[in-house]
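A.B. asks: show me the folded form of this:
(chains A, B and C)
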Amino acid sequence: MLEVSDLVTTYGKIEALKGVSLQVERGKITCLLGPNGAGKTTLMMTIAGILKPRRGSIKLEGSVLVGLSPAKIVSRGVALVPENRLVFPDMSVRENLLAGAYQRRDKTEIAADMERMYARFPPLKERREQLAGTLSGGEQQMLAVARALMSRPRLLLMDEPSLGLAPLIVAEIFDIVAALNRDGATILLVEQNAHMALKVAHQFFLMEQGRITFQGTPGQLAEDEVIQRAYLGTRRAAG
Amino acid sequence: MDDYLVSVLSNIGVISFVALSAYLLLLTGEISFGQQAFFAIGAYAAGVATTMWGWPLALGIAWGAAVGAACAVSLGIPTLRLRGLQFAIATLAFAEMVRILFELLRYQIEIDGELVGPNGSDGFRSIRYIFDHNIETFDFMMLIYAMLAVTLGGFMLLERSRLGVIFRMIGEDATLASLQGIAVARYKVLAAGLAGALAAVGGGLYAHLTTYVEPRAFDVMLGVHSLAYGLIGGLGTALGPLLGVVIDVGLLESVRLFAGYRMIIFGGLVALLLIVRPRGLLDERLVHRIGRLFRNTISGTTRTRREPR
Amino acid sequence: MIDIIQNTIDGVMIGSSYGLLALGFTVIFGVMRRLNLSYGPTVMIGAYFGTVLHLDFGAGLLAVAAAVVAGAVISGVYVERLCFAPMKAGAGIASMVSSFAIWMQLEQAAVLVLPRHTYPFPPLATGPALGIGPLLVRPDHLIMLASALLLAAVVQLALYRTRFGLGLRAVIANPIAANLVGVDVGRSVMLAFAAASAIGGVAGFLVLAVDQQVTPMFGMWATLKGLIAMMIGGLGSIPGALLGGLVLGVVEVHSHWLFGPQVRDLFAYFVLFAFLVARPGGLLGDAADVELSHRT
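C.D. replies: From the prediction side, this is the model:
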């Protein structure tokens, strides 16, 4: 569904992405693993249009995304749940969700979707008039996911949804990811938490220092000795 | 040298002091719209000292610098916790208060049957030291530039010194700097005092150059101009603000062709310039590159080494 | 005692226009976190549009008002496109200095069009002051106050009840996140600028119609008043902008009455300075640092 080829993104003279290629299959959860500074967030930001790549291509079901503004990319059906959530702190939960549906004009459908979000994420319903900045970490993560879903994306990008959250909440978040996929969502998930990712993802890419160094199924990932030692040997602390 | 040129060059020299004053504060990360206040204080203080108290010129200007520094410190301390826009507006408010106070200031004594001294909005006339002591305008210009040269030398030293690094660190990220153990507050006050003294020296020279100062000359426009000079000329070196002054005063004086459209053209050019060079002509990157080129030429080698594969 | 009340009333009246100017400033500052030094001058260009219409074409009050707003919006968008839109993140100071350069440009352009020192401006309302007991209220002051309140209410509504307002608030809160939910940040900012200029235009029109004259100093005057009122009332707060304006107006009128015009200005600046030092967030704003250089 999503095809990234030889993507190069730079910060000034520094190449953060040195020619990245990956593919995301429709209806599956694809996980991008890798250590801090590998370039995972840079990749997500480039796909979302916030960063412009120097070279390479990004295609969503054949249509080119590179060069489009972030707003245009959202209109093509890509939604990013960013690292650190980035909820709008002085707006209520309800307004955050409305913001997620910014490009849509179908009022009744938007309202219906909001009810669906409240059903899927009960804590959000309870707090719907509360300011988003006052929510807990886990609740903000739910809100960020729900906000992204409000645009009815074809492809959902999630950048480290478990970052900074307590283990119990992390488990909840991954349950949500799995449930969304069961309901048909195509997800590109960036994670450092390999253990949890192994439980939900169908396809893995490993990114190190701006390059893809591994591609395979969960089974292949778990068997690879080098990866085992580096990413699975010790329990990784959050962040 | 013809009188007109001497006058323009002297002006450039004097204004450079205020520009450098604003630049110094910019290095520590603070935008000040108020350096013209210390320019004014230096002008009045030095003028009073030489004209009314009979002091020699050097002492008068030093006195102006001291008063300027003291006032700058007294502004710097209460505004320590202000950053960004709030700091900028606070300096603007302060400078305007100073200007209005000078509009209200009346301090005159009788000398040789004449009333001499600051007289409110009418300003301070007859600062005649230069003429009374038969100093040629050309010589005074040389004095201005001598002092400017010393100041520039000071800035060059500063750039290479630990103090200069500390200033730039504070300018980049004050929180980070304080986490490194730097007493940010102390250095900010120091910078404020130095900047105030600098502007005041310029003011003292200005007062004696023009022999007449009035509060209206020390308005917001002068303050914003001082800031703009650094931005136009470049923030990478102390020569940047100077370049800005030269471009503005020099170009503006000489482009008589466009008399009525001068600012329309100049303003548009500055806006366009800032799009391509937001840190000015001699910005940090350019200065760094020039420095490297210079060093390489002297040492005779290039610095890149091939990594063994 | 009567004097105090009368002065306070007058202060509130004139303060309402300061509040509007502050409102325009606040919208721009909230959206881009940068200072626009050309704000007053764009209002002045609008004022000159209106003046030309009034003098050369004998246009009526509403046409003049429309011209003032139109002129302010056109020049405001010009400033935004030239000084703010092309600047990358971190070039906040450059934007500010650029807007200063354009301030100079606009001022000279205005002087070329209308070279004399002052020009007459059509009056907002002619007629005697209304008496309410021992107090006097000028009808044009009343119109000014009512218009200011109305406009502020419209802005508040637009910001909190419309889709565009939601998008704008998202941009104010976090431009990147706003991008991610599909807001066209560049376009929103430009429209916000235009709206802010329009607000400034209305404010300028009201002030000039009460003053009944326009001078080239108006540009700087409008910038300073709007800026001071915004800082007193609190950055990023719409009710704060209005409140700041009212406070400024009241302080000015009282100090003018007691001490004369120069001390009046001195006091206004002193109040501003005191607020900044004691309460950087202003009356209603938040006290968070407002970085102008690196993050903007």
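A.B. asks: got the residues of chain A near chain C?
C.D. replies: By the rule Cβ under 8 Å from any Cβ of the partner chain, the part of chain A lying against chain C is A:48-50, A:69-71, A:74-75, A:79-80, A:82, A:86-91, A:95, A:98-100, A:102-103, A:147-148, A:151. The way it works is simple: take the backbone N, C-alpha and C, and place the C-beta from them, glycine included.
A.B. asks: filter those down to just the ones in helices.
C.D. replies: Within the residues of chain A next to chain C, residues falling in helices by DSSP state H are A:70-71, A:74-75, A:95, A:98-100, A:147-148.
A.B. asks: the closest residue to chain C within the stretch 101-250 of chain B: which element?
C.D. replies: Nearest to chain C, among the residues of the stretch 101-250 of chain B, is B:Leu231, at 4.3 Å (Cβ to the nearest Cβ). Using DSSP states H and E, B:Leu231 sits within helix B:220-233.
A.B. asks: which is the next helix or strand following that helix?
C.D. replies: Downstream of helix B:220-233, the next assigned helix or strand under DSSP H and E is helix B:239-245.
A.B. asks: give me the distance from the least confident helix or strand in chain C by mean pLDDT to the chain's centre.
C.D. replies: Taking mean pLDDT, DSSP states H and E as the measure, strand C:130-132 is the helix or strand of chain C with the lowest mean score, a mean of 80. In terms of Cα atoms, centre = their mean, to the nearest Å, the centre of strand C:130-132 is set 29 Å apart from its chain centre.
A.B. asks: partners of that strand in the sheet?
C.D. replies: When pairs are called by DSSP bridges, strand C:130-132 turns out to pair with strand C:135-137 (antiparallel).
A.B. asks: circling back: from the residues of chain A next to chain C, list the buried ones, please.
C.D. replies: By neighbour count, with 16 or more other Cβ atoms under 10 Å in any protein chain shown, those hold A:48-50, A:69-71, A:74, A:79-80, A:82, A:86-89, A:91, A:95, A:98-100, A:102-103, A:147-148, A:151 as buried.
A.B. asks: and for the residue in the stretch 151-300 of chain B that chain C sits nearest to, the neighbour number?
C.D. replies: Residue nearest to chain C within the stretch 151-300 of chain B: B:Gly267 (3.1 Å; Cβ to the nearest Cβ). Look at B:Gly267: counted by other Cβ atoms under 10 Å in any protein chain shown, it has 23 neighbours.
A.B. asks: confirm that it sits in a helix.
C.D. replies: Yes - under DSSP: H, G, I helix; E, B strand; the rest coil, B:Gly267 falls within a helix.
A.B. asks: where do the strands sit along chain C?
C.D. replies: For chain C, the strands defined by DSSP state E occupy C:119-120, C:130-132, C:135-137, C:213-214.
A.B. asks: parallel or antiparallel, list what pairs with the first one.
C.D. replies: What it means is strand C:119-120. Strand C:119-120 has the following strand partners under DSSP bridges: strand C:213-214 (antiparallel).
A.B. asks: could I get the average pLDDT for the partner strand?
C.D. replies: Averaged across strand C:213-214, the pLDDT comes to 84.
A.B. asks: what residues does the stretch 51-200 of chain B have near chain C?
C.D. replies: Contact residues, the stretch 51-200 of chain B versus chain C (Cβ under 8 Å from any Cβ): B:78-79, B:81-86, B:88-90, B:93-94, B:96-97, B:100-101, B:103-104, B:172-173.
A.B. asks: of those residues, which belong to helices?
C.D. replies: Counting by DSSP H, these place B:84-86, B:88-90, B:93-94, B:96-97, B:100-101, B:103-104, B:172 in helices.
A.B. asks: now for the residue in the stretch 1-150 of chain B that chain A sits nearest to, how many residues are close by?
C.D. replies: As assessed by Cβ to the nearest Cβ, chain A sits closest to B:Leu85 within the stretch 1-150 of chain B, at 19.3 Å. Applying other Cβ under 10 Å, we find 26 other residues in the vicinity of B:Leu85.
A.B. asks: again, but for B:Arg216
C.D. replies: The tally of other residues near B:Arg216 (other Cβ under 10 Å) stands at 11.
A.B. asks: and it, what does it touch?
C.D. replies: Residues in contact with B:Arg216 (Cβ atoms under 8 Å, 6 or more residues apart in numbering or on different chains) are B:121, B:123.
A.B. asks: residue contacts, the closest residue to C:Leu20 other than its chain neighbours?
C.D. replies: When the adjacent residues along the chain are set aside, C:Leu20 lies closest to C:Ala203, with 3.5 Å between them (Cβ to Cβ, 6 or more residues apart in numbering or on different chains). C:Ala203 is in contact with C:17, C:20-21, C:23-24, C:43, C:148, C:222, C:226, counting by Cβ under 8 Å, 6+ apart.
A.B. asks: next: B:Arg277.
C.D. replies: Applying Cβ under 8 Å, 6+ apart, the residues contacting B:Arg277 are B:234, B:283.
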